[in-house]
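Kindly generate the corresponding structure for this input.
(chains A and B, ligands or ions: 1)
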Amino acid sequence: MADNKGVMVFCEVANGKLAGIATEGLGAGRKLADALGEELAAVLIGTGVSALAEEAIKYGANKVYVVDDPLLNEYHNDAFIAVMDKVARQANPQIILMGQTSIGRDLAPRLAFRLGTSATLDCIELAIDPATKRLLQTKPVYGGNARAIFTMDTNPQIATTRIKAMTPLAPDAARKGEVIKVDAGLQPSAIKAKMLQKVKEEIEGIKLEDAQIVISGGRGIGGPDGFKVLAELAKPLKAATGASRPPCDNGWVPSTMQVGLTGKIIAPEVYFAIAISGSSQHMSGCSGSKNIIAINKDPEANIFREARFGVVGDWKKVVPALTTKVKELVSG
Amino acid sequence: MDMIVCVKQVIDPEAPPASFKIDAASNKAVMAGVPPVIDPYGEFATEAALKIKDAKGGKLTALCLGNALLREVVKKPLSMGADDLILLEDPAFVDGDAWSTAFALAAAVKKIGKFDILFCGREASDTNAGEVGPALAEILGLPCVTLVKKIEILDGKAKVERMTADGYEVIEVTLPCLLTVSNEIGEPRYPTIKGIMAAKRKEPVVWKPADIAVEAGKIGVAGQRAKMTKLFQPVKEGKCEILTGDTPEEAAVKLALRLREAKLI
Ligand SMILES: Cc1cc2nc3c(=O)[nH]c(=O)nc-3n(C[C@H](O)[C@H](O)[C@H](O)COP(=O)(O)OP(=O)(O)OC[C@H]3O[C@@H](n4cnc5c(N)ncnc54)[C@H](O)[C@@H]3O)c2cc1C
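Residues are numbered from 1 along each chain as shown, chains lettered A, B, ... in the order given. Here you go, the predicted structure:
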């Protein structure tokens, strides 16, 4: 255990660039490395990813491990776990961070158990315990009703970080670092779960993750037609539309619109929760919003404990009137 | 198709957040006055397996780890249509982390023997960890697909759809394999009267640590690698300004004006 040194961040690549979650991870990793007085390493895995090493250094890495191989073009867990296992054994870090994304959720636990250690997923806070120098991993549990702090005695200590929970450093071209190439050493036969196709279910209009204002509807919206009424309110506000889980499960809207613990985690300036009760799992996805506005017919609904402004009433009456007034205000 | 599904008993995750408390003496979470349930993602996993059973036939065994488990709760998979229920029930099994829990489950899976697909939910509603499935895959050396929303059985393989942030991936995986199931698989079926009657008559098989030949130091609390040092409820300020009016429309207009005033729109 004493031999493990430094912090390592697995950096996801999206559309040929460092993903936002990767820069967040490097930001968090830099702080932890500084607290330990050790180095921060980034890991880039993919095809043609070598060019991104400089980026990772700008965002705070002292070292970048690059595994560039045609077999790593897409995320295949069998391949990525094997490669991360190899890099981790070579570099011997005491902490490995990745993002709580569809990749990190899959990769982090498998890697941890393969390395004989453990992982804590979906951390919203990471710190070094000043006394023990071990990683304190804070994550929401019970669907967001509570938080727990975990520690582990085994190395490396692996954690995934929740989207937007960590802050990236400002990129600085003056930062210097070392690039280390690692051979993937993969056989195609190692891939037992093979990706055949990637399907995008693009939602029209503004992306949920990027929107300043989000209008979400819940079970109380009652069907797909109700979401058209919400879209009318979204238009003048240049807002994205989202949903709680029931509208997605019922097929009223695509599941990529789901906000929450098992959907998207977003933090817009303004979040409208319409006919949403405010379950802890839903709030996990939107409680980072600066202002929550609730419209619900039940004055006892939990959402009013989370909101800044609210109207108690039937959304079918409230929303159209709100839309008319909003249109008037934003055009006037 | 021989299938196994791992399910657990949890405090009701969909009870109103106001009923959620942390018992200071035991440092454990409770839902005051609300009975426990089968974990929802375990139900989705059971549903995934039953869909395959409907189409291809076969056998589904439910596997549940805990202590002093409520029979009416843990029999839910049986009443939905599972064939057998095995309980790993002993004080030594509980309060494990993902690793020590999976260690015991893996030993039980080995004892069950032959299977084509081992199912878990994508994450349990209490720990929100999503790690027992991947841990089982590592221990048993199985290929693994997480966040599964659709499954099609081919010859010696399964073609599955896996959720991503902006859509899904189509993945072909060799059998036997481990799949963790997401809610997009579809609403779990309601138990039929026949199913409920059958579940009533069927007694679960109970296995103790000795039955699956696991060392005491590797399961439950003793086998933990990750240790919870603190469990707490975040404080909420919770001050909502309710806008009112004689009619809902009037309240709506006031809301729009107030949002404008606060420079939110
Ligand atoms: C492990 C786990 C993960 C989960 N992940 C998520 C997640 O990621 N996202 C998510 O959203 N959920 C998630 N859930 C489900 C969650 O527990 C709730 O079931 C869900 O969020 C409830 O959605 P809702 O508020 O739309 O529905 P409900 O709780 O049924 O609330 C509907 C609300 O609409 C109001 N209403 C009805 N009619 C009207 C009307 N005409 N006008 C005004 N108001 C009206 C009602 O008063 C009520 O408050 C998860 C659950 C579990 C166990």
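
what about A:P156, neighbour count?
Residues lying near A:P156 (other C-beta atoms under 10 Å in any protein chain shown) number 27. (Glycine included, C-beta is placed from N, CA and C.)

swap that for B:S26, sorry
Neighbours of B:S26 under the rule other C-beta under 10 Å: 8.

A:K198 too?
14.

low-scoring stretches of chain A, by residue?
Along chain A, the parts satisfying pLDDT under 70 run over A:1-2.

Which residue ranges make up each domain of it?
Residue ranges for each domain of chain A read A:7-190, A:208-331, as given by automatic domain parsing.

okay, the ones you listed in a markdown table with distance to the ligand next?
As requested, these are exported to a markdown table (distance: least, C-beta to the nearest ligand atom, whole Å):
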| stretch | distance to the ligand |
| --- | --- |
| domain A:7-190 | 6 |
| domain A:208-331 | 2 |
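
Same list, those domains, but as TSV with distance to B:G96 please.
Below are these laid out as TSV (distance: least, C-beta to C-beta, whole Å):
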stretch	distance to B:G96
domain A:7-190	11
domain A:208-331	22
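
residues in contact with B:P143?
When contacts are counted by C-beta atoms under 8 Å, 6 or more residues apart in numbering or on different chains, B:P143 touches A:78, A:192-193, B:137, B:173-174, B:177-178.

Next one, pLDDT for it please.
For B:P143, the pLDDT comes out at 98.

The one 4 residues further on now?
Reading off the per-residue confidence, B:L147 sits at a pLDDT of 98.

how about B:C6, secondary structure?
Three-state assignment for B:C6 (DSSP: H, G, I helix; E, B strand; the rest coil): strand.

Contact partners for it?
Contacts of B:C6 by C-beta under 8 Å, 6+ apart are B:42, B:45, B:62-65, B:105, B:118-121, B:132-133, B:136.

List the contacts of A:K200.
A:K200 neighbours (C-beta under 8 Å, 6+ apart): B:166-167.

hang on, the earlier thing: now, the contacts of B:C6 that are in strands?
Among the contacts of B:C6, the ones falling in strands (DSSP state E) are B:62-65, B:118-121.

Show me which of those residues is closest to the ligand.
Nearest to the ligand among the ones in strands among the contacts of B:C6, counting by C-beta to the nearest ligand atom, is B:G121 at 8.1 Å.

what ranges do the helices span in the chain?
Just going to use chain A. Under the criterion DSSP state H, helices of chain A are mapped to A:20-36, A:53-58, A:77-91, A:104-114, A:224-237, A:245-249, A:280-283, A:303-306, A:315-331.

my question was about chain B
B:40-56, B:71-74, B:76-80, B:98-112, B:132-140, B:193-201, B:248-261.

okay, these in CSV with mean neighbour count next?
Formatted as CSV, the helices of chain B follow (neighbours: other C-beta atoms under 10 Å in any protein chain shown):
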stretch, mean neighbour count
helix B:40-56, 21
helix B:71-74, 16
helix B:76-80, 24
helix B:98-112, 23
helix B:132-140, 26
helix B:193-201, 14
helix B:248-261, 19
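
Please render these as TSV that adds distance to A:I265 and mean pLDDT to the earlier fields.
Conversion of the helices of chain B to TSV gives the following (distance: least, C-beta to C-beta, whole Å; pLDDT from 0 to 100):
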stretch	distance to A:I265	mean pLDDT
helix B:40-56	18	98
helix B:71-74	30	97
helix B:76-80	30	98
helix B:98-112	21	98
helix B:132-140	21	98
helix B:193-201	37	96
helix B:248-261	24	98
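
Contacts for stretch B:58-65, please.
By C-beta under 8 Å, 6+ apart, stretch B:58-65 touches B:1-9, B:46, B:49-50, B:52-53, B:74, B:77-78, B:81-89, B:93-94, B:101, B:104-105, B:108-109, B:112, B:115-116, B:204.

Where does the stretch 151-265 of chain B get nearest to the ligand, residue-wise?
For the stretch 151-265 of chain B, C-beta to the nearest ligand atom, closest residue to the ligand: B:N183, 7.3 Å.

okay but that residue is in contact with B:E43, surely?
No: B:N183 lies out of contact with B:E43 (C-beta atoms under 8 Å); the separation is 9.6 Å.

How far does stretch B:236-247 sit from its chain's centre?
Here the centre of stretch B:236-247 is set off from its chain's centre by 36 Å, with C-alpha atoms, centre = their mean, to the nearest Å.

Could you list the residues in contact with it?
Applying C-beta under 8 Å, 6+ apart, the contact partners of stretch B:236-247 are A:294, A:299, A:304-312, A:317, B:251-255, B:258.

Spell out which residues of chain B are next to the ligand.
Contact residues, chain B versus the ligand (C-beta under 6 Å from any ligand atom): B:13-14, B:40-41, B:125.

what's near enough to touch the closest residue to B:A213 other than its chain neighbours?
Computed as C-beta to C-beta, 6 or more residues apart in numbering or on different chains, the closest residue to B:A213 that is not its neighbour in sequence is B:A107, at 6.7 Å. Contacts for B:A107 (C-beta under 8 Å, 6+ apart) come out as B:212-214.
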